[in-house]
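1. when you get a sec, could you give me coordinates for this:
(one chain, ligands or ions: 1)
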Amino acid sequence: MSWEKGERIYDGKGKRVYALKGHNDVLLQEFKNQLTAFNAVKVSELDGKGELNCLITTAIFKFLGEKHIPTHFVEQTSTTSWVTKKLDMIPLEVVVRNILAGSTAKKFAIEEGTPLEKPLVEFYYKKDELNDPFISDEQALMMKAAQSQKDLDTLKSYALAVNKALIEFFHKCGIKLVDFKLEFGVSMDGQIMLGDEISPDSCRLWDEITNEKLDKDRFRRDLGQVKEKYQEVWTRIQKEWSSYV
Ligand code: UDP
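-> Presented below is the predicted three-dimensional model:
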């Protein structure tokens, strides 16, 4: 399919989004080299990061599609861009945790790296001015972030299905899926589906043997070798999941 880029609709932290001429139900998304952390208080540019995230997220979304998880993925158009279905985004970040790290480990003073008996699903309200606070189901309904408890339950069950699929995906690459963040939206025909991206920017990924961090914590915590470790994730995916790259 040939696509003609239209006007820029949105310039986000990790992606630029464009309309596609003659198509009302799809968008072009270009992955940026910009890296941000702590609600964009820390910002940097990393040559080639956008390409690695685009390649990694595309492979993952193709894999999830085969696992019958509805996603916005339509087609990869270059090494830094893809076409996606247009979604009306739900203003919730859906975080799934298998091992405690980051904000929840800090909140309860539990040592980072503590495995959980079962995966934990949490919602955060997407609002930069409020620093994306944790939000309960009832609060999410009060804020009309979701239409009904049934929709919140659908988000949770998709999030757990993504988690199950991705644990398998990353285990084959010798990587532990510690936690990750998902965003969902509603398609023009009213279906809830997975949007945004899944990449080392939005996941915590640790080497299975050494626990070395292969994700954005390298940037957040000034550990160095950010691009090298994103590249390492991509190299392992290419080797183990060649049918999706
Ligand atoms: N995350 C994200 N975007 C956000 C917040 C979190 O992609 O705006 C991801 C983060 O990379 C991690 C997971 O969600 O994989 C859980 O993040 P956490 O709540 O521990 O937040 P943080 O440690 O970044 O404060």
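2. what does stretch 60-76 contact?
-> Identification of contacts with stretch 60-76 by CB atoms under 8 Å, 6 or more residues apart in numbering yields 1, 26, 54, 58, 82-85, 87, 158, 161-162, 165-166, 169, 185, 187, 191-195, 198-199, 241, 244. All C-beta atoms are positioned from the backbone trio N, CA, C, and that covers glycine.
3. could you turn the buried ones of those residues into a PyMOL selection?
-> Restricted to buried positions by 16 or more other CB atoms under 10 Å, the PyMOL selection for these reads:
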select buried, resi 26+54+58+82+83+84+85+87+158+162+165+166+169+185+187+192+193+194+195+198+199+241+244
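4. also near the ligand: which of the contacts of stretch 60-76, exactly?
-> Checking those against the ligand by CB under 6 Å from any ligand atom, not one of them is in range.
5. from the contacts of stretch 60-76, which land in helices?
-> Judged by DSSP state H, the contacts of stretch 60-76 include Cys54, Thr58, Tyr158, Ala161, Val162, Ala165, Leu166, Phe169 as members of helices.
6. what sits closest to the last one if chain neighbours are left out?
-> For Phe169, ignoring the flanking residues on the chain, the nearest one in space by CB to CB, 6 or more residues apart in numbering is Phe63 at 5.7 Å.
7. near that neighbour, how many other residues are there?
-> By other CB atoms under 10 Å, the residues close to Phe63 number 20.
8. that one falls within a strand, correct?
-> No. Counting by DSSP: H, G, I helix; E, B strand; the rest coil, Phe63 is located in no strand; its state is helix.
9. and the pLDDT for it?
-> Phe63 carries a pLDDT value of 98.
10. what's the burial count for whichever residue of the chain sits closest to the ligand?
-> Residue of the chain nearest the ligand, by CB to the nearest ligand atom: Gly102 (2.1 Å). By other CB under 10 Å, 15 other residues sit near Gly102.
11. in contact with it, which residues are there?
-> The contact partners of Gly102, taken as CB under 8 Å, 6+ apart, are Glu112, Asp179, Arg204.
12. find the nearest non-adjacent residue to the most centrally placed residue in the chain, please.
-> The C-alpha lying nearest the average C-alpha coordinate of the chain belongs to Ile198 (CA atoms, centre = their mean; 3.1 Å). Nearest residue to Ile198 in three dimensions, chain neighbours excluded: Ile60, at 4.7 Å (CB to CB, 6+ apart).
13. please name the nearest non-neighbouring residue to Arg221.
-> Lys213 (7.9 Å).
14. count of neighbours near Leu92?
-> Around Leu92 sit 23 other residues, with neighbours defined as other CB under 10 Å.
15. would Asp179 count as being in a strand?
-> Yes. With three-state DSSP as the criterion, Asp179 is part of a strand.
16. spit out the contact partners of it.
-> Contact partners of Asp179, counting by CB under 8 Å, 6+ apart, are Val95, Val96, Arg97, Asn98, Ile99, Ala101, Gly102, Cys203, Arg204.
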